[in-house]
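Asker: Compute the structure for the input listed below.
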Amino acid sequence: MSNNWEMVIGLEVHAQLKTSSKLFSSSPNQFGSEPNENVNFIDSGMPGMLPVLNFACIEKAIKTGFALNFTINKYSVFERKNYFYPDLPQGYQISQFEFPILTEGFINIDNGQDQKKIRIERAHLEQDAGKSIHDIDPKYSFIDLNRVGTPLLEIVSYPDLSSADEVVNYMSTLRQILMYIDVCDGNMQEGSLRADVNLSIRKPGGDLGTRCEIKNLNSFKFIKQAIEFEFQRQIEVLESGGSVEQNTMLFDTNTGETRAMRSKEFSHDYRYFPDPDLLPVNITQEQIDKIQPTLGELPNQKLDRYISELKIEKDISKIIISEKENTKVFEQMVNDTEVPPKLIASWLVGDIFAFVKENNLDVSSLLEKTKVIVELLKLISDDVISNKVGKEILPQVLNGENSPMEIVKKMGLEQVSDTSELEKIINESLQDEEENIAKFQGGSDRVLGYFVGKCLKASKGKGNPKLINELLLEKLKK
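Answerer: Here you go, the predicted model:
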């Protein structure tokens with residue numbers, strides 16, 4: 001809220017489906033090919049070429065329906081959305097309008113301490129358009145039709161969002177779910193997940209204002225910047241006595257500003273009508289029922305299980321479930337050993353993820369190393385080495401130089417748990433410390449930490465901290 005104005009936001013999210021071929025043709029559905037390499041006669045709109053529905057896209061949509069609490073409609077219809085654009089060779093886009101495959105869903109997002117329910121009006125299947133390229137030649141534009149026919153699921157929310165942070169939260173939650181159920185790869189840089197933001201402003205409790213749509217935002221950073229700029233722009237227009245025009249906006253990532261691209265169209269401008277080349281889609285209950293068991297455990301379910309069953313702190317659990325690959329690594333480590341899950345989780349989100357980031361690695365690369373990692377953690381949990389030593393040798397373990405135990409023995413890093421040896425170190429550390437001993441006996445607990453640190457230093461970090469603590473307390477109390 002700013003200057004007694006509030007924003008009202010609804011999102012149209014385009015998720016590219018993970019299928020091997022396109023929505024209505026057998027062309028490969030893949031990123032990074034040479035321009036116009038993944039194009040056949042259907043994609044290029046050649047006369048007489050008939051589209052054939054890829055049923056894998058229907059299955060992905062049904063899967064999404066279960067994950068996002070939708071009603072899955074057994075009857076849906078593909079329609080032609082008519083508009084002219086150079087990278088749309090057919091002169092229309094095949095989409096769903098009056099009868100979409102999914103209706104009335106919702107997801108919950110974390111909103112501070114509480115959860116907020118965001119209602120989703122619909123989700124429908126449609127084909128993507130191509131790409132116009134304007135920066136190769138000063139005189140000419142070029143067209144790459146590789147994306148034509150790429151299967152998209154457009155997920156349309158109700159205007160339940162009221163801040164840029166909520167929108168980013170909603171988008172990241174949605175992305176996480178779609179990646180978990182293997183419907184979309186979530187790669188925003190490649191255009192696999194894009195958002196159109198519909199934003200209007202109003203006085204608190206007042207009528208909805210005129211909305212503007214900011215098109216094709218493909219990063220959380222740009223979504224946040226675009227919303228915040230457009231919010232202030234609309235406030236300035238209204239407070240200076242003007243009126244907000246219903247426009248389709250572009251966000252300039254270089255200037256951080258939105259600008260009008262064209263006046264906003266209404267649905268009747270597109271002259272929707274059922275595609276005569278495609279029959280209505282009729283799904284059976286049996287087909288729907290087959291999809292549900294393939295869903296797997298959703299992020300919120302994993303979060304609840306990690307907290308309640310594995311006794312892992314909520315903040316650490318959230319970091320682990322944030323990416324599906326994280327959970328694969330974590331669960332493989334838990335299954336490989338009897339090391340407490342809490343210790344595994346703490347190390348994973350701390351030093352192990354830090355190592356991955358510093359070395360520019362993928363988390364999935366850890367899947368080959370889980371056994372040596374849990375060997376290292378077992379040495380720590382069994383008090384063979386200290387936590388400090390574990391941190392020191394972790395890079396060697398992850399680089400595969402030797403097994404953790406071999407590294408420990410070679411470097412002479414085994415933790416000293418021999419009581420007589422530790423007592424000798426403690427006695428030497430307490431010499432000439434009458435003043436600090438008196439402070440401890442006078443009730444100063446801080447002195448104990450000082451003595452433990454001194455003993456650990458004397459043992460060159462190899463002394464068992466827990467045992468040192470116990471022996472020190474026993475001796476100091478005497």
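
Asker: Show me the contact partners of the least confident helix or strand in the chain by mean pLDDT.
Answerer: Ranking every helix and strand in the chain by mean pLDDT, DSSP states H and E puts helix 465-477 at the bottom, with a mean of 77. With contact meaning CB atoms under 8 Å, 6 or more residues apart in numbering, helix 465-477 is reached by 383, 386, 417, 419, 422-423, 425-427, 430, 437, 440-441, 448, 451-452, 455-456, 459. (Glycine included, C-beta is placed from N, CA and C.)

Asker: try it again with 7 Å
Answerer: Contacts of helix 465-477 with the rest of the structure, by CB atoms under 7 Å, 6 or more residues apart in numbering, involve S386, S417, L422, E423, I426, I437, F440, L448, F451, V452, C455, L456.

Asker: would JSON lines of those with distance to L161, neighbour count and secondary structure be doable?
Answerer: Converted to JSON lines, the contacts of helix 465-477 look like this (distance: CB to CB, whole Å; neighbours: other CB atoms under 10 Å; DSSP: H, G, I helix; E, B strand; the rest coil):
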{"residue": "S386", "distance to L161": "48", "neighbour count": "23", "secondary structure": "coil"}
{"residue": "S417", "distance to L161": "56", "neighbour count": "15", "secondary structure": "coil"}
{"residue": "L422", "distance to L161": "59", "neighbour count": "21", "secondary structure": "helix"}
{"residue": "E423", "distance to L161": "64", "neighbour count": "16", "secondary structure": "helix"}
{"residue": "I426", "distance to L161": "61", "neighbour count": "22", "secondary structure": "helix"}
{"residue": "I437", "distance to L161": "62", "neighbour count": "14", "secondary structure": "helix"}
{"residue": "F440", "distance to L161": "57", "neighbour count": "19", "secondary structure": "helix"}
{"residue": "L448", "distance to L161": "52", "neighbour count": "15", "secondary structure": "helix"}
{"residue": "F451", "distance to L161": "56", "neighbour count": "22", "secondary structure": "helix"}
{"residue": "V452", "distance to L161": "51", "neighbour count": "19", "secondary structure": "helix"}
{"residue": "C455", "distance to L161": "56", "neighbour count": "21", "secondary structure": "helix"}
{"residue": "L456", "distance to L161": "52", "neighbour count": "19", "secondary structure": "helix"}
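
Asker: now the residues you listed in CSV, with pLDDT?
Answerer: Shown next, in CSV, are the contacts of helix 465-477 (pLDDT from 0 to 100):
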residue, pLDDT
S386, 79
S417, 64
L422, 81
E423, 81
I426, 80
I437, 81
F440, 80
L448, 79
F451, 80
V452, 79
C455, 82
L456, 79
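
Asker: Please identify which of those residues is nearest to I291.
Answerer: S386 (50.2 Å; CB to CB).

Asker: low-scoring stretches of the chain, by residue?
Answerer: Counting by pLDDT under 70, the chain shows low-confidence ranges at 1-3, 263-266, 412-418, 461, 478.

Asker: can you list the domains in it?
Answerer: 6-290, 297-411, 419-477 (automatic domain parsing).

Asker: coming back round to it: of the contacts of helix 465-477, closest to E257?
Answerer: Distance to E257 across these (CB to CB) is lowest for S386, with 54.6 Å.

Asker: could you measure V244 against L11, distance?
Answerer: With distances taken as CB to CB, to the nearest Å, V244 is found 19 Å from L11.

Asker: and the two? which has more neighbours close in?
Answerer: L11 (24 against 18; other CB atoms under 10 Å).

Asker: Can you report phi and psi for the residue nearest to that one when sequence neighbours are not counted?
Answerer: Among residues not flanking L11 along the chain, S157 sits closest, at 4.8 Å (CB to CB, 6 or more residues apart in numbering). As for S157, its main-chain torsions (degrees, to the nearest 10) stand at phi -90, psi 160.

Asker: number of nearby residues for S157?
Answerer: As a burial measure, S157 scores 25 neighbours (other CB under 10 Å).

Asker: ok, it touching R122?
Answerer: No. With contact defined as CB atoms under 7 Å, S157 and R122 do not form a contacting pair (9.4 Å).

Asker: In PDB, please show the C-alpha coordinates belonging to the helix or strand hosting I118.
Answerer: I118 is part of strand 114-127 when elements are defined by DSSP states H and E. Extracted C-alpha coordinates of strand 114-127, given in PDB (Å, rounded to 0.1, in the frame of the first residue of the first chain):
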ATOM      1  CA  ASP A 114       0.000 -17.200   8.000                       C
ATOM      2  CA  GLN A 115      -1.100 -18.900   4.800                       C
ATOM      3  CA  LYS A 116      -3.100 -17.200   2.200                       C
ATOM      4  CA  LYS A 117      -5.400 -19.000  -0.300                       C
ATOM      5  CA  ILE A 118      -5.000 -17.800  -3.900                       C
ATOM      6  CA  ARG A 119      -7.900 -18.900  -6.000                       C
ATOM      7  CA  ILE A 120      -7.300 -20.000  -9.600                       C
ATOM      8  CA  GLU A 121     -10.100 -19.400 -12.100                       C
ATOM      9  CA  ARG A 122      -9.000 -21.800 -14.800                       C
ATOM     10  CA  ALA A 123      -6.200 -23.500 -16.700                       C
ATOM     11  CA  HIS A 124      -6.300 -24.300 -20.400                       C
ATOM     12  CA  LEU A 125      -4.100 -25.800 -23.000                       C
ATOM     13  CA  GLU A 126      -2.900 -23.800 -26.000                       C
ATOM     14  CA  GLN A 127       0.000 -23.700 -28.500                       C
END
